[in-house]
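1. okay, here's the prediction I keep looking at, along with the sequence it came from:
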Amino acid sequence: MPDSPFTCPYCGGTVPETTAICPDCHEDLSALLRLEHSHAIYYNEALALAREGFLDDARARLTVALELHEAFAPAHALLAKVYAHQREWARAEASVARARELDPENPAIRRLAEAIADRVTPVAATSDARARVAPRREVSQAFKAGLGLATAAAVVLSLFTDDD
Ligand SMILES: [Zn+2]
């Protein structure tokens, strides 16, 4: 995850992500690091819940993550996927639009936005040809992609396999 290096509040030194102990002054920064990264912790919980199919719980975690850190693009993108999975297309579009605003160069987010936009159109929604060829396992794989959102489009395309 592209987090900026953590600055030790005691000595001003740079603390690598791999440790919670400041290499310069040896203060234990684990509590501060948890606070600093709490939005990411909620995001990871949301991701795990989404993989298991607990979409409402995932939404709740993502809401908290975004209250802690509104400009966290991956949370908006994952929320968009969850909304899409629940067919709340207006919300999915709003969330993915915010993700693109925050991370306009991310090709996975762009693909997610396009896929969501496709499903919103009435024509696409009634055409289930593409949905049927997408194996169900792609849903969990797409959530597993996590921050990379590598197969974001796959999850959206396979959303309609649930009940048709
Ligand atoms: Zn220090």
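-> In hand now; what should we look at? Residues are numbered from 1 along each chain as shown.
2. so where do the helices sit in the chain?
-> Assigned helices in the chain, in chain order: 30-36, 38-52, 55-68, 73-85, 89-102, 107-120, 122-126, 129-133, 137-145, 152-157 (criterion: DSSP state H).
3. out of the ones you listed, nearest to the ion?
-> helix 30-36 (10.7 Å; CB to the ion). For every residue, glycine as well, the C-beta is placed using N, CA and C.
4. rewinding a little: which of the helices of the chain is buried the deepest?
-> Mean neighbours per residue, mean count of other CB atoms under 10 Å, is largest over the helices of the chain for helix 73-85, with a mean of 26.
5. where among the helices of the chain is the average confidence lowest?
-> Lowest mean pLDDT of the helices of the chain: helix 122-126, a mean of 34.
6. from residue 23, how far out is residue 7?
-> 12 Å (CB to CB, to the nearest Å).
7. list residues touching both of these two?
-> 13, 15 (CB atoms under 8 Å, 6 or more residues apart in numbering).
8. the ion contacts on this protein?
-> 8, 10, 11, 13, 22, 24, 25 (CB under 5 Å from the ion).
9. closest to residue 110 among these?
-> Checking those against residue 110 with CB to CB, the nearest one is residue 8 at 37.0 Å.
10. can you read off the pLDDT for the closest one?
-> 87.
11. just give the nearest non-adjacent residue to it, would you?
-> Closest residue to residue 8 apart from its sequence neighbours, by CB to CB, 6 or more residues apart in numbering: residue 22 at 4.2 Å.
12. touching, that neighbour and residue 12? I think so.
-> No - using CB atoms under 8 Å as the test, residue 22 is too far from residue 12 to be in contact (9.7 Å).
13. okay, the two: which has more neighbours?
-> residue 22 (22 against 10; other CB atoms under 10 Å).
14. and the more buried one, how far is that from residue 34?
-> From residue 22 over to residue 34 (counting by CB to CB), the distance is 15 Å.
15. again, but for residue 61
-> 15 Å.
16. swap in residue 103?
-> 24 Å.
17. do the same with residue 93
-> From residue 93 to residue 34 the distance is 33 Å (CB to CB).
18. over to residue 67?
-> 16 Å.
19. and for residue 94?
-> Counting by CB to CB - residue 94 and residue 34 are separated by 30 Å.
20. likewise for residue 48?
-> Distance from residue 48 to residue 34, by CB to CB: 17 Å.
21. re the thing from before, on the pLDDT front, check the residue nearest to residue 8 for me.
-> pLDDT at residue 22 comes out at 92.
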